[in-house]
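> What would the 3D arrangement of this be:
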Amino acid sequence: MRADVVVVGGGITGAGIAHAFADAGVKVALLESNLVAHGSTAASTALLMQETDEDFRGLEKRYGRSRAERLWELGRMGVRDVIATLRQLRIDCDLTERDAVYFTKGERGDDLFEEYQRRCAAGLAATWLDEAALFADTGIAGQGAIRTHGSAQLDPYRACMGLLHAATRKGAGIFERSAVERIDTSRDGVVIHTRGGRLSAQRAIVATGYATPVFAPLAGRFRMMHTYVLATRPLRAHERRAVGLGELLLWDTRRPYHYARWTKDRRLLLGGSDRPLLPPSRRQRAFASSRRRLREYYETLLPALQGIDIEYAWEGLFARTPDGLPYIGTHRRYPRHLFALGYGGNGMTFGFVAARLLLDAFLNGGNQDDLRLFRFGRFRN
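The predicted structure is shown next:
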C-alpha cells in the first residue's frame, strides 16, 4: 500500500495528527501495534491543561522570556484547538471547559506568588488565591494558588475514537495490530514493514509517546515514569459539599505533582505518586504501595474523603523530558521521519500543537522558530 504519510501510534496524539493531515487532503495511513485509543490514552485523567509541566519561571530561566512566552502561547493555542476541533466534529466525549488551580500546601507560598507575578509581567492571565480564597474554591487549607482560565477536561478514549472516525471519513486508513518491525529510508521516502505487509510513504510520523524498540537509540532522551490514579464512587450532593472542591482542575507544586478533577458521573479522579519505570517483577507491589500513598495524600488534603470508597485504581506510563516539553520535528539520525514524542502531563495539548506544526512542516517547510523550541538538540545549547 502507498500513502503520503504514515502515522505510527494510535493514541490521542496519533489520532489528532491523522485527522489534521487527512483534513488537509493528505493521504494518511495509521499503524497501531495493539488497539487504538488504549495504552497511555486510556489511562489518562484527561486534564487538558494550557500550562506547561515546568513553571514559567523555570522556562524563562532556561530559554529566556520571549521563548517562554511563546511556549505558553502555544499551550493556549493547543487547548483552544482541541476544544474547537472536538466541537466542530461533534464528538461526544464529555468535553467541558474548566479553570485550573495550581496550589501549594507547604512552605512554597512565596515562591508560588513570585511565579504568579512573573506570569502577570509576561501578560499571562491569572488570578491569585490567598489562603481564604483557596479554601473557599477547593476546600484545601494551603498557602495560596494561581487560578487560570481556559483549560478543559474530557473522556480521552471517546475523544481519540472520534478523531479516528473523523480521519477515516476523510480517507485515512487505520490499521490495528500492525506493529512496525522495520523502517527503510531512501531519498524518495520510507518503506514501513509490518508482519502483514508494507507501506510506502513520503514521510513517517512517529507518535508513540516514547521511544519504542524500533527507535531504541532515542530511549536516553526520556525518563519513563509510572503514574497512578484512583477513582472514587459517585459522591452524593452533601458529600461533594463536604469535600469542598469546586468544578476545577487541581494540581500542586510538589514534584512529581498530584492532580485531580471531577467526572461527569460525580466521581473524583485523584492522580499522582509518579515513580520511575520499574521492572515487571516489582510493579504489582509498587502499584499497591502507590495506591495507598495516593489515598493518604488526598485524605490529608481533603479530609472529607476519609471513608469514601475507591472503586477503581490504575496506572499509566508516560515519558518525561528534562524540561517537561515534547520533542517535535526531525532528527538527524532518522531521515524522512517526523516525531511527536515525550509529552509529560500535557499529551493532548501539545499533541495538537505537534499536529499543526508537523502538517505545516510537511506542506510548507514549517515554522522553524516554533520547531526549534521542541527540537531534539535543544539541551546542548
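
> switch to C-alpha atoms for all contacts and neighbour counts from now on
Noted.

> beta partners of the nearest residue to residue 173 once chain neighbours are set aside?
With Cα to Cα, 6 or more residues apart in numbering as the criterion, residue 173 has its nearest non-adjacent residue at 4.6 Å, and that residue is residue 29. Beta-bridge pairing for residue 29 (DSSP bridges): residue 6, residue 173.

> Pull up the gap between residue 29 and residue 5, please.
7 Å (Cα to Cα, to the nearest Å).

> likewise residue 85?
21 Å.

> between those two, which one's more packed in?
residue 5 (27 against 17; other Cα atoms under 10 Å).

> quick one: that one and residue 22 touch, right?
No. Using Cα atoms under 8 Å, residue 5 is not in contact with residue 22, being 9.5 Å away.

> Now the common contact residues for the two.
residue 28 (Cα atoms under 8 Å, 6 or more residues apart in numbering).

> what residues are up against the residue nearest to residue 158 when sequence neighbours are not counted?
In this structure, residue 158 finds its nearest non-sequential neighbour in residue 93, 5.2 Å apart by Cα to Cα, 6+ apart. By Cα under 8 Å, 6+ apart, the contact set of residue 93 is 154-156, 158-159.

> which two from these end up farthest apart in space?
154 and 158 (8.5 Å; Cα to Cα).

> which other residues reach the longest helix along the chain?
Secondary structure of the chain per DSSP state H: the longest helix is helix 65-88. Contacts to helix 65-88, defined as Cα under 8 Å, 6+ apart, come from residues 48-52, 56, 59-60, 95, 122, 150-152, 159, 163, 348-353, 373.

> Is it possible to mark the buried ones in those?
48-52, 56, 59, 95, 150-152, 159, 163, 348-353, 373 (16 or more other Cα atoms under 10 Å).

> Which members of those residues occur in helices, if any?
Judged by DSSP H, helices contain the following of the buried ones among the contacts of helix 65-88: 56, 59, 159, 163, 348-353, 373.

> Make JSON lines from the residues you listed and add distance to residue 132 and pLDDT to it.
Shown next, in JSON lines, are those (distance: Cα to Cα, whole Å; pLDDT from 0 to 100):
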{"residue": "56", "distance to residue 132": "25", "pLDDT": "95"}
{"residue": "59", "distance to residue 132": "30", "pLDDT": "95"}
{"residue": "159", "distance to residue 132": "37", "pLDDT": "98"}
{"residue": "163", "distance to residue 132": "42", "pLDDT": "98"}
{"residue": "348", "distance to residue 132": "33", "pLDDT": "90"}
{"residue": "349", "distance to residue 132": "31", "pLDDT": "94"}
{"residue": "350", "distance to residue 132": "34", "pLDDT": "95"}
{"residue": "351", "distance to residue 132": "36", "pLDDT": "94"}
{"residue": "352", "distance to residue 132": "37", "pLDDT": "96"}
{"residue": "353", "distance to residue 132": "36", "pLDDT": "97"}
{"residue": "373", "distance to residue 132": "38", "pLDDT": "96"}
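
> Distance to residue 223 added to the residues you listed, as a markdown table?
Below are those laid out as a markdown table (distance: Cα to Cα, whole Å):
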| residue | distance to residue 223 |
| --- | --- |
| 56 | 21 |
| 59 | 19 |
| 159 | 27 |
| 163 | 28 |
| 348 | 19 |
| 349 | 20 |
| 350 | 18 |
| 351 | 18 |
| 352 | 22 |
| 353 | 22 |
| 373 | 19 |
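
> so whatever helix or strand comes next after the longest helix of the chain versus helix 65-88, what angle?
Where DSSP states H and E defines the elements, the next helix or strand beyond helix 65-88 is strand 96-104. In terms of direction (axes from the mean of the first three to the mean of the last three Cα atoms, to 10 degrees), strand 96-104 departs from helix 65-88 by 150 degrees.

> Strand 96-104 and the helix or strand following strand 96-104, what's the angle between them?
Sequence-wise, the next helix or strand downstream of strand 96-104 (DSSP H and E) is helix 109-121. With the same axes, to 10 degrees applied, the angle from helix 109-121 to strand 96-104 works out at 130 degrees.

> For the residue nearest to residue 258 when sequence neighbours are not counted, give me its contacts.
Nearest residue to residue 258, sequence neighbours excluded (Cα to Cα, 6+ apart): residue 272, at 4.3 Å. If you count contacts by Cα under 8 Å, 6+ apart, residue 272 has them with 227-229, 256-259, 294.

> Good, wrapping up.
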